[in-house]
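Engineer: whatever this is, show me its structure:
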Amino acid sequence: MKTAIVTSKSSLNHNTGSGHPESIARVTSILEKLKKNKKLIWKNPASFDKDIIKQAHSSSYFDTVENAFPEKGLVFLDGDTVVSPGSKDATFDAVGSIIAAIDGVENKEFGAAHCVTRPPGHHAEKSKAMGFCVINNIGVAANYLISKYKYKRVAVLDWDCHFGNGTYDILKSNKNVFFSSLHQYPYYPGGGTEDEKGEYNNALNIPLPAGTNSRQYFDAYEHMLKRLKEFRPEFILMSAGYDAHRLDPLCQLNLESKDYYEITRRALETTKEFCNGKVVSILEGGYDLNALAESANEHVNALLEFN
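Structural biologist: The predicted structure follows:
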């Protein structure tokens, strides 16, 4: 089976303003790296019924987002979440990308996919934009797998440096989902303590102190893998943030680029008897452009090796 990269030119039209860390260059740096790999196949976003988004977000929030995109200039949805005229297509194409990725896996076009899109999603809560995020793509994807494809056990792994508060908010009451986040703590956005276990004991938050190195990270990661194996997932979604890299300007964890290969490989190896490599990931954070491109490439290499 193949591995797909799902992306859209509209990601390049999501203008966040001069000096904003969530920049257009994030996507271009990754794509330039991945285009050298001739084993990958490339896909565009799918069209979809926007009611799918309302499985993750409130109707009132969806309406707010629909009407938020300006005809010119920039609009702030919160203190650091910025949208521009080109952001509307980018936002909905990010959702369309993860939908296309899931459908492609289900239709056996490819075995796994990485969505290289922006804006990111994992901080967007049911009724609130936050932390560069407008629509929670992973939250939409989990609900889509359950509603359309009738999955009973969907795992959502978030290894962005920041707690995936929005994803937790959306999925904590879904008994068909296991959510796990490894993140720097205490740090933005707050929360993500070990006590936040979900309404069905279906969440595992692993807070890590600033300065955590690769060995310490993987010691903690083993706890997640143990819970993941106990959950026996049929499908895995990954919030693929690369800002735990030691060079990232927004975090203080100390992973190396090659660690993202290992993060991915171990999760797939642990769950191969349950989901046989069915995994879709989507870009979240990562703000040092070279480290971001290298780390994404390592993640994709692990997907390729497994598929």
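
Engineer: this structure: helices as residue ranges?
Structural biologist: Secondary structure of the chain by DSSP state H: the helices cover 24-34, 59-66, 87-106, 137-149, 165-171, 214-231, 259-275, 289-306.

Engineer: how about the fourth one: buried residues?
Structural biologist: Okay, so that is helix 137-149. Across helix 137-149, burial judged by 16 or more other C-beta atoms under 10 Å covers Asn137, Ile138, Gly139, Val140, Ala141, Ala142, Asn143, Tyr144, Leu145, Ile146. Just so you know, the C-beta spots here come from the backbone N, C-alpha and C atoms, and that holds for glycine as well.

Engineer: residues touching the third one, list them.
Structural biologist: Read that as Gly139. Taking C-beta atoms under 8 Å, 6 or more residues apart in numbering, we find Gly139 in contact with Ala56, His57, Gly121, Ala124, Gly166, Thr167, Ile170, Leu171.

Engineer: redo that, cut-off 10 Å
Structural biologist: 53, 55-57, 121-122, 124-126, 156, 164, 166-171, 174, 177, 179, 237, 239 (C-beta atoms under 10 Å, 6 or more residues apart in numbering).

Engineer: so among those, which ones count as buried?
Structural biologist: 53, 56-57, 121-122, 124-125, 156, 164, 166-171, 174, 177, 179, 237, 239.

Engineer: how far away is Cys67 from Tyr61?
Structural biologist: No Cys there; residue 67 is Asn. 11 Å (C-beta to C-beta, to the nearest Å).

Engineer: the two: who's more crowded?
Structural biologist: Tyr61 (20 against 7; other C-beta atoms under 10 Å).

Engineer: need the contact list for the more buried one.
Structural biologist: Taking C-beta under 10 Å, 6+ apart, one finds Ile53, Lys54, Ala124, Glu125, Lys126, Ser127, Lys128, Ala129, Val134, Ile135 in contact with Tyr61.

Engineer: next: Asp219.
Structural biologist: Asp219 touches Thr212, counting by C-beta under 10 Å, 6+ apart.

Engineer: number of residues surrounding the nearest residue to Lys54 once chain neighbours are set aside?
Structural biologist: Nearest non-adjacent residue to Lys54, counting by C-beta to C-beta, 6 or more residues apart in numbering: Phe62, 5.6 Å away. By other C-beta under 10 Å, 17 other residues sit near Phe62.

Engineer: please apply the same query to Arg215.
Structural biologist: 8.

Engineer: which ones are touching it?
Structural biologist: Asn254.

Engineer: give the contact list for the closest residue to Ala25 other than its chain neighbours.
Structural biologist: Using C-beta to C-beta, 6+ apart and skipping residues adjacent in sequence, the residue nearest Ala25 is Leu289, 5.8 Å away. Shown in contact with Leu289 (C-beta under 10 Å, 6+ apart): Ser23, Ala25, Arg26, Thr28, Ser29, Ile30, Glu32, Leu247.

Engineer: and these, which of them are buried?
Structural biologist: Applying 16+ other C-beta under 10 Å to these flags Ser23, Arg26, Ser29, Ile30, Leu247 as buried.

Engineer: for the buried residues of helix 137-149, which one is nearest Lys72?
Structural biologist: Asn137 (26.3 Å; C-beta to C-beta).

Engineer: backbone torsions only: list them for the residue nearest to the closest one when sequence neighbours are not counted.
Structural biologist: With sequence-adjacent residues excluded and distances taken as C-beta to C-beta, 6+ apart, Asn137 is closest to Gly121, at 3.8 Å. Dihedral angles of Gly121 (phi, psi; degrees, to the nearest 10) stand at phi -140, psi -20.

Engineer: in this structure Gly121 contacts Ala240, no?
Structural biologist: No - judged on C-beta atoms under 10 Å, Gly121 makes no contact with Ala240 at a distance of 11.1 Å.

Engineer: which neighbours do these two have in common?
Structural biologist: With C-beta under 10 Å, 6+ apart as the test, Gly121 and Ala240 both reach Ile138, Ile282, Leu283, Glu284.
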